[in-house]
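Peer 1: 3D, please:
(chains A and B)
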Amino acid sequence: MENDLVLEIPTDVRSIEHAVEYVVQRCRTCETYQKRLRLNFRVGLTEALTNAVLYGNAHDPSKHVLVEVALEDGRLEARVTDQGGGFDPSSIPDPTEPENILKPGGRGLFIMRQLLDEVSYNDRGNQVTLVLRLEQGSALEGGAQA
Amino acid sequence: MGFQVSQNGDATLVEVEGQLIVGNRQELKQRVLEQLEGGDRKFVIDFSSTGYIDSSGLGVLVSLSKKIREQGGELRLSSLNEDLRTLFELTKLDTLFRITDTKEEALEGF
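Peer 2: Model prediction:
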């Protein structure tokens, strides 16, 4: 799948919201699917970028996060790659279990899995791919590299 | 994007404008903890002007609720839109907080 949008963002939490809005605003879909864009994709992508900045790149300003987005046949795919050593996603416990619910962290991956249709990691664990299904005619507007 | 803090009787009302996400969660935490250290014990965080919350924002709410309870106080949440309610339900955090439809309802109940 050819990428419609490619962004390289700095390892800075302040850049996350802008990057997410930039991508979301370029997605055009029908009214029925707006909530999936507004909630599921927006929050899911925010979680992926947050994990990349905070844990993958560990706040290291010399590193960056690569965001590649493609939309084809109603399949919106966002791939987020950091420059960290990776992690094992199976090591994250269920944050809704009674022993975890009072913990301040550990909900990002769970939320991604709940909101997206597919969430997968590469073997190294430094790249996550999010997939959200939208209407067939959905498109990315103003496709460009930033 | 910001936080409006006001006093309503002996309750502190914090209104979240924009998003509550990793980029501004520490500011919210600091504002509430300052009030807690100053003696406030009753808190309402209102989301009527909030677009969305990420897991970092949810984590700060959990952390603040715990600290406030340790001091004998309570944190209530109000005016969650449909998206925010979905996030609270998915994460089961709706079971941790008293959530009201309006800030007035939250403040009156204290």
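
Peer 1: alpha carbons only for contacts and neighbour counts from here, please
Peer 2: Will do.

Peer 1: how much space separates A:L140 from B:L84?
Peer 2: 26 Å (CA to CA, to the nearest Å).

Peer 1: I meant to write A:A139 there.
Peer 2: With distances taken as CA to CA, A:A139 is found 26 Å from B:L84.

Peer 1: how about the residues of chain B near chain A?
Peer 2: Within reach of chain A by CA under 8 Å from any CA of the partner chain, chain B has these residues: B:22-23, B:52-56, B:58-60, B:62-63, B:66, B:83, B:87, B:90-93.

Peer 1: give me the most central residue, chain B.
Peer 2: With distances taken as CA atoms, centre = their mean, B:I45 lies nearest the centre of chain B, 3.1 Å away.

Peer 1: how about the secondary structure of that residue?
Peer 2: Look at B:I45: counting by DSSP: H, G, I helix; E, B strand; the rest coil, its state is strand.

Peer 1: helices or strands up against the strand or helix carrying B:V14?
Peer 2: Taking DSSP states H and E as the definition, one finds B:V14 inside strand B:11-20. Here strand B:11-20 touches strand B:2-8, strand B:42-46, strand B:50-53, going by 3 or more CA pairs under 8 Å, 6 or more residues apart in numbering or on different chains; DSSP states H and E.

Peer 1: ok, back up a step: could you list which of the residues of chain B next to chain A belong to helices?
Peer 2: In this view, those that belong to helices under DSSP state H are B:55-56, B:58-60, B:62-63, B:66, B:83, B:87, B:90.

Peer 1: top of those residues by neighbour count?
Peer 2: For these, the largest neighbour count, defined by other CA atoms under 10 Å in any protein chain shown, is 27 neighbours, found at B:S55.

Peer 1: so who does that residue touch?
Peer 2: A:47, A:105-108, A:111, B:21 (CA atoms under 8 Å, 6 or more residues apart in numbering or on different chains).
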